[in-house]
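Enquirer: Next input, structure requested:
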Amino acid sequence: MTSKFPPDGHRPVVAVAHGDESLSPMKIAGAAASVCDLVWVLDSSKLEDPQMLILIRKLGTIVDVSGMSEDEAAEALRPCQPQGLVAYADHLIPVASSLAMRLGLDFHDGAVTGRLVDKWTQRQALQDAELPVPRFALVPPDPTPAAIDDLATRVNFPVVLKPRRGTHSKDTLMVTDIADFRALLADQPTLTSDPDRPMILEEYLRDLAPPDSSAFANYVSVESVVTRGTISHIAVTGRFPPAKPFRETGFLIPSTLSSSQTNEVRDVASRAIEALGVQSGLLHIEIKLTPDGPRVIEVNGRLGGGIPEMVALAAGIDLYELSLRVALGEHVVFDDLVPTDRVGYILSPQPPQWARRVVSVDGLDRLGEHPGVETITLNRQPGDAIDWRKGNFEFVFSVLGAAPDPQGVLAVQQLIDEEVRVIYA
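Expert: A predicted model of the protein is given here:
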């Protein structure tokens, strides 16, 4: 079903595979104003918030593919004559890939898509390309005691248990030993009971230094763009130490890595992109610094959440606009990381694991008066339920801003610790 007006034919058209967990439609539409018309391809039956459909109707044409087969969806989109396709969430990459194949558009093909969204397939591809990877193993549905014993022979503990297809650290857990694994499955049997949502075990990548040795974490992400097979790296994003088990608490661009470390992670990112066969698109590649050198955590075939906002503050570049230009086939090459004159940051403290509900939030108004703070977002209202197992999205509030240097970002973090009080139950 197509709603609203068709593109007017005077500007190029980009189809956006959209749904829950995608990036902001308002920001995508704002970036498109100077580039293209948008067609939003979505399944209205799968939207958690029906109000989202009302908003998107104001931002361009909608092709609602609810109840359609892949062939039917492509035929519904065809009259809009898109010249490009883009997706901003992992689970929507296969949707865009299917449409691109049927409409003859440039996007990740089926094989590349599989390597990007399936952690098992991705690890195998990296290993086949001789990139060092941790040992990994599939967890069978409802594993028997014998199956658990067999898994223990194929990986060395501690390990990370995570969904084979999943994002934002949902249901991602540290497992210290085989006894801990058995206890975890006994306590949360549904983790491995769904054969349509398989889990994998990966050996935990060793830490470069004790976690308390620095204000910043020893893993980063590389923000990259590929056009016509040419790889460029835009930025390296630093991290604050995660909340247990693996929930993101903050980011900053540029990172605080040394020049030599930055070159090492960029090289590993390039090798990972080549191993997965990516020919076009923007990528978000998480890499950990270990005693054995940088190691790929995972490669995401889309923009990272919050990355465009930080890059805009730090370097004045609009990655939303860039993603649309790349989707239209523009050849984009950066000779080096983009120059920055400030440090863009996002801070998003996570609730404690025992918390189940937000009681109150106080102090955000004082935080908003601090120089460089651009936006404060309240993600959970008093009375809202929270569950750490849902991963990164369960933060109560976030702070977006820019500082002169990393110490300025730490000053904002200290202000949060001193001024903001969240009461949980």
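
Enquirer: Next secondary structure after the longest helix belonging to the chain?
Expert: Longest helix in the chain by number of residues (criterion: DSSP state H): helix 259-276. Later in the chain than helix 259-276, the nearest helix or strand by DSSP states H and E is strand 281-290.

Enquirer: Now do that next one and helix 259-276, the angle between them.
Expert: 130 degrees (axes from the mean of the first three to the mean of the last three CA atoms, to 10 degrees).

Enquirer: to the chain's geometric centre, what's the distance from strand 281-290?
Expert: Offset of strand 281-290 from its chain centre (CA atoms, centre = their mean, to the nearest Å): 10 Å.

Enquirer: related to what we said a few turns ago, can you list contacts of the longest helix of the chain?
Expert: Defining contact as CB atoms under 8 Å, 6 or more residues apart in numbering, one finds that helix 259-276 is touched by 112, 115-116, 122, 125-126, 128-129, 131, 220, 222, 224, 226, 231, 233, 236, 255, 257, 283, 285, 287, 289, 293-296, 299, 337. (C-beta placed from N, C-alpha, C; glycine too.)

Enquirer: Restricted to buried residues, select those residues in PyMOL.
Expert: Buried members of the contacts of helix 259-276, defined by 16 or more other CB atoms under 10 Å, are picked up in PyMOL with:
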select buried, resi 112+115+116+122+125+126+131+220+222+224+226+231+233+236+255+257+283+285+287+289+294+295+296+299+337
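
Enquirer: mind listing which of the contacts of helix 259-276 are in helices?
Expert: Counting by DSSP H, the contacts of helix 259-276 place Val112, Arg115, Leu116, Gln122, Ala125, Leu126, Asp128 in helices.

Enquirer: ok, which pair from the residues you listed is furthest apart?
Expert: The largest separation in those, counting by CB to CB, is between Leu116 and Asp128 at 15.3 Å.

Enquirer: quick one: contacts for the nearest residue to Leu173 once chain neighbours are set aside?
Expert: Leaving aside its sequence neighbours, Leu173 sits nearest to Leu161 (CB to CB, 6 or more residues apart in numbering; 4.8 Å). Leu161 is in contact with Val139, Asp171, Thr172, Leu173, Met174, Val175, Phe181, Leu184, Leu191, Met199, Ile200, Leu201, counting by CB under 8 Å, 6+ apart.

Enquirer: so which helix or strand takes in the residue nearest the centre of the chain?
Expert: Centroid-nearest residue in the chain, with CA atoms, centre = their mean: Gly304, separated by 4.3 Å. According to DSSP H and E, Gly304 maps onto no helix or strand at all.

Enquirer: Renumber starting at 573 from here on
Expert: Sure, I'll start counting at 573 from here, so that last one is Gly876.

Enquirer: what about the spatially closest residue to it that is not a sequence neighbour, how many neighbours?
Expert: Distances taken as CB to CB, 6+ apart put His856 closest to Gly876, at 3.5 Å, once the chain neighbours are dropped. His856: 19 surrounding residues under other CB atoms under 10 Å.

Enquirer: From the recorded domain assignment, give the ranges for the chain.
Expert: The chain breaks down into these domains under automatic domain parsing: 574-679, 707-775, 778-913, 914-997.

Enquirer: how many neighbours does the residue nearest to Ala709 when sequence neighbours are not counted have?
Expert: Leaving aside its chain neighbours, Ala709 sits nearest to Arg726 (4.4 Å; criterion: CB to CB, 6+ apart). By the measure other CB under 10 Å, the count of residues near Arg726 is 12.

Enquirer: Can you give me the pLDDT of Arg726?
Expert: Note for Arg726: predicted pLDDT of 92.

Enquirer: quick one: it and Pro622, what's the gap?
Expert: 45 Å (CB to CB, to the nearest Å).

Enquirer: do Thr762 as well
Expert: Going from Thr762 to Pro622 by CB to CB gives 28 Å.

Enquirer: again, but for Leu780
Expert: Look at Leu780 and Pro622: by CB to CB, they are 46 Å apart.

Enquirer: higher neighbour count, the two?
Expert: A side-by-side neighbour count of Leu780 and Pro622, using other CB under 10 Å, places Leu780 first with 18 against 8.

Enquirer: in terms of contact, does that one touch Pro863 like I think?
Expert: Yes - Leu780 lies in contact with Pro863 (CB atoms under 8 Å); the separation is 6.1 Å.

Enquirer: how about the strands of the stretch 773-922 of the chain, start to end?
Expert: 791-799, 802-811, 822-825, 853-862, 865-872, 915-919 (DSSP state E, counting those that start in this stretch).

Enquirer: do the stretch 623-772 of the chain as well
Expert: Using DSSP E, counting those that start in this stretch, the strands assigned to the stretch 623-772 of the chain run over residues 633-636, 656-659, 708-711, 731-735, 745-747, 771-775.
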